[in-house]
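Chemist: output the structure for:
(chains A and B)
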2 protein chains.
Amino acid sequence: MKFSIGRTAFTKGLNTVSRAISTKTTIPILTGLKIVAGPDGLVLTGSDADISIETTLKADDPDNMLVIESEGAIVLPARFFTDIVKKLPKDTITLEVGENFQTMITSGQSSFTINGLDANNYPHLPEIQTNDSIPLAADLFKQIISQTVVAVSNQESRPILTGVHFVISENHVMAVATDSHRLSQRKVTLETPIEGAYNFVIPGKSLTELSRMIDDTQEAVTLTVTENQALFTIGNTLFYSRLLEGNYPDTTRLIPDSYDTRVAFDAPELLAAIERASLLSHESRNNVVKITVDPDKKSVTIYGNSPDVGNVEEDLEPKNLEGNQLEISFNPDYMKDALRSFSQSTINIDFTSALRPFTLTPTEDSDSFVQLITPIRTF
Amino acid sequence: MKFSIGRTAFTKGLNTVSRAISTKTTIPILTGLKIVAGPDGLVLTGSDADISIETTLKADDPDNMLVIESEGAIVLPARFFTDIVKKLPKDTITLEVGENFQTMITSGQSSFTINGLDANNYPHLPEIQTNDSIPLAADLFKQIISQTVVAVSNQESRPILTGVHFVISENHVMAVATDSHRLSQRKVTLETPIEGAYNFVIPGKSLTELSRMIDDTQEAVTLTVTENQALFTIGNTLFYSRLLEGNYPDTTRLIPDSYDTRVAFDAPELLAAIERASLLSHESRNNVVKITVDPDKKSVTIYGNSPDVGNVEEDLEPKNLEGNQLEISFNPDYMKDALRSFSQSTINIDFTSALRPFTLTPTEDSDSFVQLITPIRTF
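Modeler: Residues are numbered from 1 along each chain as shown, chains lettered A, B, ... in the order given. Next comes the predicted model:
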């Protein structure tokens, strides 16, 4: 195998597939990245067994400055090889595989010889028949991910809760995540109805990594789902993720359909107040912030307290206030995560009682997005 | 004590004195910062016993928006209090000390009450009689620091080597540091000769912290030295550092006064090549890079090698080359630190033999700055 390529395009491709490569893998060859020079161009692959990323640098794209002299394949140590490519002196680099997988990388006067591995020993990517695929607008899909992954569980005790549950049929997409203390549910409507119906759970970690790969220049992401794999196609890059096995709990019953007290806030203003109150709650053993609502006095007050350090009290200015008097305590970190996930600025918080979960929804298009938080009992 | 102040000016002052405050101190009150409201304005103090910083927010500076209603003093938990001030909602904040050092901080609708400490228990700053002081141009002093601290020792086995040795008399300033593997010596000429002669060692850590405090708007730094303390005055801020006790070793004999081989390089070009070679040496147990010089062939070549990963070889293009043939090995990290410390772009590297220290000097004004590196024996 021998080819020369532009350093900028090559570095970009290496960075893309490196997202999937972990130094902590138990399969030694997966610390490497696979390079295949073929008739279409250069195919780079990285994988940590859960996530695999494959990107193609096309021979006919002049930006790649790619010239393949002879075809072939090699696996090179990922981190180390990427560092070398970044530091090479000239804009063009040449890579040639010699005997015993010894790979020579040259650029200007600089010449590296590094030990490669046989590409035949690299695991095969899952095979996915791309019959039915779901097109998604890239910016909307990124929003769905950011709004739901906040509520994903970090605990491996219930593995299914470490993922986001997607239910897709006709032109409806519903994504929901819960760690059993809070829940986030997002609904969107597709422009064109799709064939078939899908119900699957993708690891939150995969979605976070995928979201980082979708930049503003991307318009569309195409999703293909099989029994245990999801494949996202973004331009010349394929992103594979395993799906989580098992049944996701029924979350539809958890969201209350009525309220006794409703307060409307400017989300960034409330967020700033919660951040101040949490300065004190974080110094305390139980990280709790209290809010009192008094519709008669038109007052909402927030309290944070730490016996060692002091306390904070702040009167809020709600946009609207209706219903019954209430005093409720909650984890301010859940509230901060929830408030940061709203793109809309005005939200309603709907309470039923001090011990029942409360919800945050945008005042407009309120059915599309709901964040639910379970309060903390302090009495 | 009661005063109100502009949040921006107050935050800036808190950030300045917080540089001296460590959470790891063994003296509990030093995790706090002292605030004194007096006739001139507000004096903030932070200290970790080695370094103390005092800054004054003047009452007559309109930018401070400072109104002192009643004078007094308090010590507040530094990190926590600074976090609060940063997150307060309005541009003006009011601070009032009540009974039992309970301190109320208000801004807009937000009201914090935090537990303060008696300022009488805060340690006194060293008293320095400011008879003789040495004025230094701020940018030049920052350069002296950055060029010498690279060679300071991190090892507490010889405490004196953890500092930079200053020798000042008439209009000469010499600063030198060595960790016994490398040495850096900088000489500057003062515009105006000073009275007296000074010979002292300041901890490298103090100088690094001090350097961060000198921003581009500062024109001058004034230095005052006593037997065991140095005081730097930067505008309205005083920076105290203890001096290291003991005699600094005589370093003048270490710098060779002749050479057998001299190679001139563009420093950034050589740095880039050393960085590439060190990619491989860092993967090896002994972090060594080799350079060969052949004046007859007009060639200089650099080598890096790791048995596990591979090797690198690069022909360099020296600006000039004279003297004898040579092969020498060294720690590339020392070379990188040295090369980064040159503001000049062209440097001479002077060698005597493969086992003797070699020096890096700027081709112009070569007497003002020298970096010395001890080679590594590989045969």
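
Chemist: in the stretch 151-300 of chain A, which spans are helices?
Modeler: Using DSSP state H, counting those that start in this stretch, the helices of the stretch 151-300 of chain A run over A:204-213, A:267-281.

Chemist: same deal with the stretch 1-150 of chain A?
Modeler: A:7-18, A:78-87, A:138-149.

Chemist: tell me what the second one is packed against?
Modeler: For helix A:78-87, the contact count by 3 or more Cβ pairs under 8 Å, 6 or more residues apart in numbering or on different chains; DSSP states H and E identifies helix A:7-18, strand A:32-37, strand A:102-107, strand A:110-115, helix B:267-281 as packing neighbours. (Glycine included, C-beta is placed from N, CA and C.)

Chemist: can you add mean pLDDT and distance to residue B:158 and give these back as TSV?
Modeler: Shown next, in TSV, are the helices and strands packed on helix A:78-87 (pLDDT from 0 to 100; distance: least, Cβ to Cβ, whole Å):
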stretch	mean pLDDT	distance to residue B:158
helix A:7-18	97	42
strand A:32-37	98	44
strand A:102-107	97	43
strand A:110-115	96	39
helix B:267-281	95	27
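
Chemist: out of those, flag the one nearest residue A:200.
Modeler: For these, proximity to residue A:200 was assessed by Cβ to Cβ; helix A:7-18 is nearest, at 24.2 Å.

Chemist: packing partners for that closest one?
Modeler: Under the contact criterion of 3+ Cβ pairs under 8 Å, 6+ apart, helix A:7-18 touches strand A:32-37, strand A:41-47, strand A:51-58, helix A:78-87, strand A:92-97.

Chemist: please identify the buried residues of it?
Modeler: Residues of helix A:7-18 classed as buried under the neighbour-count rule (16 or more other Cβ atoms under 10 Å in any protein chain shown) are A:7, A:9-11, A:13-14, A:16-18.

Chemist: what's the answer for stretch A:122-131, then?
Modeler: By 16+ other Cβ under 10 Å, the buried positions in stretch A:122-131 come out as A:122, A:125.

Chemist: and the closest residue to residue A:165 other than its chain neighbours, how many neighbours does it have?
Modeler: Excluding the flanking residues, the one nearest residue A:165 by Cβ to Cβ, 6 or more residues apart in numbering or on different chains is residue A:248, at 4.2 Å. Look at residue A:248: counted by other Cβ atoms under 10 Å in any protein chain shown, it has 19 neighbours.

Chemist: for residue A:248, give its distance to chain B.
Modeler: Taking Cβ to the nearest Cβ, to the nearest Å as the measure, residue A:248 falls 38 Å from chain B.

Chemist: which residue packs closest to the residue of the stretch 101-250 of chain A found nearest chain B, ignoring adjacent ones?
Modeler: Closest to chain B within the stretch 101-250 of chain A is residue A:114: 3.4 Å, counting by Cβ to the nearest Cβ. In space, and not counting its chain neighbours, residue A:114 is closest to residue B:310: 3.4 Å by Cβ to Cβ, 6+ apart.

Chemist: which ones are touching that neighbour?
Modeler: The contact partners of residue B:310, taken as Cβ atoms under 8 Å, 6 or more residues apart in numbering or on different chains, are A:102, A:112-115, B:280.

Chemist: most neighbours of all those residues, which one?
Modeler: residue A:112 (28 neighbours).

Chemist: list the beta-bridge partners for it.
Modeler: Assessed by DSSP bridges, residue A:112 has beta-bridge partners residue A:105, residue B:312.

Chemist: got the contact list for it?
Modeler: With the criterion set at Cβ under 8 Å, 6+ apart, residue A:112 makes contact with A:84, A:104-106, B:276, B:280, B:310-312.

Chemist: then residue A:8?
Modeler: Here residue A:8 is in contact with residue A:91 (Cβ under 8 Å, 6+ apart).

Chemist: I'd guessed residue A:102 sits against residue A:95; true?
Modeler: No: look at residue A:102 against residue A:95 with Cβ atoms under 8 Å: they stay out of range, at 11.6 Å.

Chemist: so, low pLDDT: which residues of the stretch 101-250 of chain A?
Modeler: A:130 (pLDDT under 70).

Chemist: around chain B, which positions in it sit nearby?
Modeler: Within the stretch 101-250 of chain A, the positions adjacent to chain B are A:102, A:109-115 by Cβ under 8 Å from any Cβ of the partner chain.

Chemist: same thing but at 7 Å, please
Modeler: Within the stretch 101-250 of chain A, the residues that sit near chain B (Cβ under 7 Å from any Cβ of the partner chain) are A:109-115.
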